[in-house]
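> Just a sequence and a predicted model for now, questions to come.
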Amino acid sequence: MAGLIYGINEIRRYAAHYARVKDIFRGFNDPDCRTNGGMAKPAVSRFVDYLYLFFVMGMQTSNYHLFRFDTMDRKRFKEYMDDPHAPLLRPRLWSTLWKKSTFILVHDKYLFHCLCEHHGLPCPRCYGVVRRNALPEAKAFLKDLMQKHRMETLVLKPVWGLMGKGIHFISLSDVDALERLIEHDDVDDEYSDYLVQEHIKQHSELERMNPHSVNSIRIVTFLDPEGRVEFIAAMLRTSSSASPVDNFSAGGMVAGIDLDTGVLKKEGVIKSPKIRVLTRHPLTGTTLMGFRVPYWEEIKETAARGQKIFHYIKSIGWDFAVTPAGPVIIEANQEWGTAGLQAANGGLLTEKNRKLFARYGLKFYG
């Protein structure tokens, strides 16, 4: 019976993968990000690349240009990991590294905040939760809070939000217009709470990168079966404009971080509205190469401690802000994403990382 169920699930996985064949060539003619509009490979080579990725490697092709496959030898594609949502990969990750029963521990931001506070992990101060369907009471609470503590700005974030959606930086003058500010948020009405947090004052070095956003660090931890914590990859995320949101999918820029030194790699990448590779921040002109993330060792130590506390989840993507006094955990993610990390660092499937994944039976092409 177990074998039959496994076989049915395998058929479902492959059916879901091949159902996306209609989108295989979406973005085929997008310009290469290195050649100012020209294509690094001829159309025939790119055509074969797309077929190879989808039918031979079983990967989605949506990140072909982002990962610079259009400038890369096809043999190197095996260095790259597919998106965690991909039909052929997602069930394998959820059966090994993650469990559905543990998802709530990090996805519910209020629960996660409470657990961090309980275990002494540094996090932004939380002032409570407001309900979207009780805005009059919410506005009165926010006004009183800001006036009492003389705060210029508060952060509202959906308790069940994803990818930076629905995060608002609220000034006292914004409170009366709260309905207008949140009316288009993609938030499930059943879980429409907003966490109310302090607006973090970031370290002066990160202010130098971009003073308009809280520039965050994502670092991915991995807990091996013996309880040792390793690091998979890390990146700096910063808004590429005066927007306060640094999320990569919302037009932010990512830059890889050397795990040993905390120093940025020489190039940053912007995905939207078009892919760009930069050596300086597009707004402030700050040079990426040589930029050192403050409190790097403290970030790694805190992430490792957090991974051991949340040990039911075998790999976690931690988002940190860095204040003048040290790092604070903004949130944690199970499905920590591969697009930004690999755009910033190159392929995640290094020899070291392959060995780590193999500890839980995860093997990849090549």
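It's in. Numbering: from 1, shown residues only.
> Tell me the secondary structure of residue 249, please.
Following DSSP: H, G, I helix; E, B strand; the rest coil, residue 249 is assigned to helix.
> Near it, how many other residues are there?
Using other CB atoms under 10 Å, residue 249 has 15 neighbouring residues. For the C-beta atoms, the positions are set from N, CA and C on the backbone; glycine is no exception.
> Please tell me I have it right and it contacts residue 270.
No: using CB atoms under 8 Å, residue 249 is not in contact with residue 270; the gap is 11.1 Å.
> Run through the stretch 51-200 of the chain and note the low-pLDDT ranges.
162-164, 183-191 (pLDDT under 70).
> now the helices for it?
Along the stretch 51-200 of the chain, the stretches classed as helices by DSSP state H, counting those that start in this stretch are 90-94, 103-107, 109-118, 135-149, 178-182.
> Using CSV, please lay out the ones you listed together with distance to residue 314.
Formatted as CSV, these follow (distance: least, CB to CB, whole Å):
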stretch, distance to residue 314
helix 90-94, 10
helix 103-107, 12
helix 109-118, 17
helix 135-149, 37
helix 178-182, 35
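> list the buried ones in the helix or strand in which residue 298 is found?
For residue 298, the host element (DSSP states H and E) is helix 296-309. By neighbour count on 16 or more other CB atoms under 10 Å, the buried set for helix 296-309 is 296, 299-300, 302-304, 306-307.
> From the contact counts, what lies against whatever helix or strand comes next after that helix?
The C-terminal neighbour of helix 296-309 among helices and strands, as given by DSSP H and E, is strand 315-323. The contact analysis (3 or more CB pairs under 8 Å, 6 or more residues apart in numbering; DSSP states H and E) places strand 315-323 against strand 216-223, helix 296-309, strand 326-333.
> Correct me if wrong: residue 105 contacts residue 111.
Yes: counting by CB under 8 Å, residue 111 is a contact partner of residue 105 at 6.8 Å.
> Of those two, which one has the most company?
When neighbours are counted by other CB under 10 Å, residue 105 comes out ahead of the other of residue 105 and residue 111, with 18 against 13.
> how close does that one get to residue 306?
11 Å (CB to CB, to the nearest Å).
> where does the stretch 201-350 of the chain dip in pLDDT?
By pLDDT under 70, the stretch 201-350 of the chain has no low-scoring segment.
> now do 90
Where the stretch 201-350 of the chain drops to pLDDT under 90, the residues are 213, 240-251, 272-274.
> Quick one, which of the helices of the stretch 51-200 of the chain gets closest to residue 290.
With CB to CB, the closest approach to residue 290 among those belongs to helix 109-118: 32.1 Å.
> Next, the angle helix 296-309 makes with the closest one.
In terms of direction (axes from the mean of the first three to the mean of the last three CA atoms, to 10 degrees), helix 109-118 departs from helix 296-309 by 110 degrees.
> Return the alpha-carbon coordinates of helix 109-118 using CSV.
Output in CSV follows, covering the C-alpha atoms of helix 109-118 (Å, rounded to 0.1, in the frame of the first residue of the first chain):
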residue,chain,number,x,y,z
LYS,A,109,4.5,36.5,13.0
TYR,A,110,2.9,37.2,16.4
LEU,A,111,3.5,33.6,17.7
PHE,A,112,7.1,33.8,16.3
HIS,A,113,7.7,37.1,18.1
CYS,A,114,6.4,35.7,21.4
LEU,A,115,8.6,32.6,21.1
CYS,A,116,11.7,34.7,20.3
GLU,A,117,11.0,36.9,23.4
HIS,A,118,10.5,33.8,25.5
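> what's in contact with the helix holding residue 298?
115-116, 119, 121-122, 217, 219, 221-223, 227, 229, 231, 257, 259, 261-262, 293, 316, 318, 320, 322, 326-327, 329, 332 (CB atoms under 8 Å, 6 or more residues apart in numbering).
> Next: stretch 239-253.
The list of residues contacting stretch 239-253 from outside it, by CB under 8 Å, 6+ apart, reads 163-164, 167, 169, 210, 212-216, 237-238, 254, 268-273, 278, 281-283, 339-340, 343.
> what's the overlap in contacts for residue 105 and residue 111?
In contact with both residue 105 and residue 111: no residue, using CB under 8 Å, 6+ apart.
> domain parsing for this protein?
Domain ranges of the chain: 2-79, 100-121+202-358, 126-198, per automatic domain parsing.
> Tell me which of the ones you listed sits nearest to residue 87.
Using CB to CB, the domains of the chain put domain 2-79 closest to residue 87, at 3.6 Å.
> Determine how far that closest one lies from the middle of the whole chain.
Between the centre of domain 2-79 and the centre of its host chain there is 21 Å, according to CA atoms, centre = their mean, to the nearest Å.
> Alright, calling it a day.
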